[in-house]
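K.L.:
What follows is a predicted protein model with its sequence.
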Amino acid sequence: MPRFAYRAKQGPTEIKDGVIEAESQQDAVRRLSQQGLIPVTVMQAAGEPARASRGRPAGRVSAHEITSLTRSLGGLMRSHIPVLRALDLIRGQAERPGLKSVVGRLADAVRDGQPLSDAFGQFPALFSPLYRALVRAGEVSGRLDEMLTRLVEHREQEESLRTKVQQAAIYPAFVLVAGGATIAVLMIVVIPKLSVLLQDLQQTLPAPTRLVMAMGDFAKRTWWGWALGLAVGWMAMGSRIGGRIVLDRLQLTLPFWRKLTRNVEAAHFTRTLGVLLDSGIPILQAVATAVPTVENRLIRASLAPIEKALASGVPLAKTMERVPVFSPMVIGLVTIGEESGDLPRHLLEIAKTLEEEVERALKVVTTLLEPCLMLAMGLVVALIVAAMLLPVFEIGAGVQS
């Protein structure tokens, strides 16, 4: 009969490890429950065969669905429902085929005796190293439900900040696109037609009118080249490596966006590191897990030496001083956290402070940028129209005189 190694709760706080013989993983969970234990992990013992599947889900799975899955799993486990039974319940309630496929494969892996953290490894694009590290810490400590709840809070805070940054960029982008399209239609369609009418007047046109007419003629003859360039640029920006590096470099070049990006990434790194350390994960492993979660590739590269410096005995604050992303305020709070022995709490406080700064900056910029963009676009359109109407005004003035 197959043997299964288990970790289970016995009472409110006591954790019990052992091995049990059962026909299957589900049978092992049932037998442990009959003994009054609450299974946390049940996996096939060493030497027992196990099968695993790895691949992509049957459909698209959004970040919001992963957060909902984590919340549901944590809630069911707080109700003392075993992991496998909880996954089966979630799969039965899932509506979208992608999520149903993911939960089904997770359940199959757990049923075969894999720890939940290893089961998540089937989908590295959906479950990050941070996610798997926290789940593994929960399995080892017997606090898996608590770690899942902490994961949900972390993901919601990260998604909230990301959404605010994206929303702040939507309206300016819309104004730029709409204004650019209006100017393009004027220069490619309207101006050439008006040029024909004005040339029939057989009089010397004002310099601003001749300039706008020349620009319209140029735009009409070369519009396909501009369209092709925009299409190629868009495709290049969408590439996984080259385009992403260009965007990352651009974020660190624009004056306002540079500071905003640094604060966002610093908040992301310190929050992730604080959550990992607060979950009992050693600092070297926590840093190695937190650095890859930084989205900007250039900032991520600047954070890479931190792990090596820590391994050689350099304090975290000293290693962070060498990275231009972190302000003196951040370095000072990290130093206090190390000296007081309460580093996780200080890292989380730093993240909260930086996120509040980002929110205030976004609110100020969106308040000022929206009317400025509208004014700029309106001014350009008004100048083009005025330049084309100058000959009409001159003719009217000549008739009156």
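P.N.:
Happy to help now that I have it.

K.L.:
how much space between the residue nearest in space to the middle of the chain and Pro192?
P.N.:
Geometric centre of the chain, nearest residue: Arg162, 6.1 Å, by C-alpha atoms, centre = their mean. For Arg162, the distance to Pro192 (C-beta to C-beta, to the nearest Å) stands at 44 Å. From N, CA and C alone the C-beta is placed, and that goes for glycine too.

K.L.:
Ile283 too?
P.N.:
From Ile283 to Pro192 the distance is 66 Å (C-beta to C-beta).

K.L.:
Looking at those two, which one has more neighbours?
P.N.:
Neighbours around Ile283 and Pro192, counted as other C-beta atoms under 10 Å, are more numerous at Ile283. The numbers are 18 against 15.

K.L.:
quick one: low-confidence ranges for the stretch 1-150 of the chain?
P.N.:
Low-confidence segments of the stretch 1-150 of the chain (pLDDT under 70): 1, 12-13, 23-24, 26, 45-59.

K.L.:
What segments of it are helices?
P.N.:
25-34, 63-78, 83-93, 97-111, 116-120, 129-141, 144-185 (DSSP state H, counting those that start in this stretch).

K.L.:
Which positions within the following helix or strand past the longest one qualify as buried?
P.N.:
If you walk from helix 144-185 toward the C-terminus, the next helix or strand you reach (DSSP states H and E) is helix 191-199. When burial is assessed from 16 or more other C-beta atoms under 10 Å, helix 191-199 yields the following buried residues: Ile191, Leu194, Ser195, Leu198.

K.L.:
now do stretch 134-146
P.N.:
Leu134, Val135, Arg136, Ala137, Gly138, Glu139, Val140, Gly142, Arg143, Leu144, Asp145, Glu146.

K.L.:
Repeat that for stretch 332-348.
P.N.:
Leu333, Val334, Thr335, Gly337, Glu338, Leu343, Pro344, His346, Leu347, Leu348.

K.L.:
Could you dump these into CSV and include pLDDT?
P.N.:
Shown next, in CSV, are these (pLDDT from 0 to 100):
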residue, pLDDT
Leu333, 94
Val334, 93
Thr335, 94
Gly337, 93
Glu338, 92
Leu343, 93
Pro344, 92
His346, 95
Leu347, 94
Leu348, 93
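
K.L.:
So which of those residues is the closest to Pro208?
P.N.:
Of all those, Pro208 sits closest to Leu333, with 57.3 Å by C-beta to C-beta.

K.L.:
pretty sure the closest one contacts Glu349?
P.N.:
Yes - Leu333 is in contact with Glu349 according to C-beta atoms under 8 Å; the separation is 6.7 Å.

K.L.:
Please verify my assumption that Gln25 contacts Ala109.
P.N.:
No - the pair Gln25 / Ala109 is not scored as a contact, 10.1 Å apart, by C-beta under 8 Å.

K.L.:
Lovely, talk soon.
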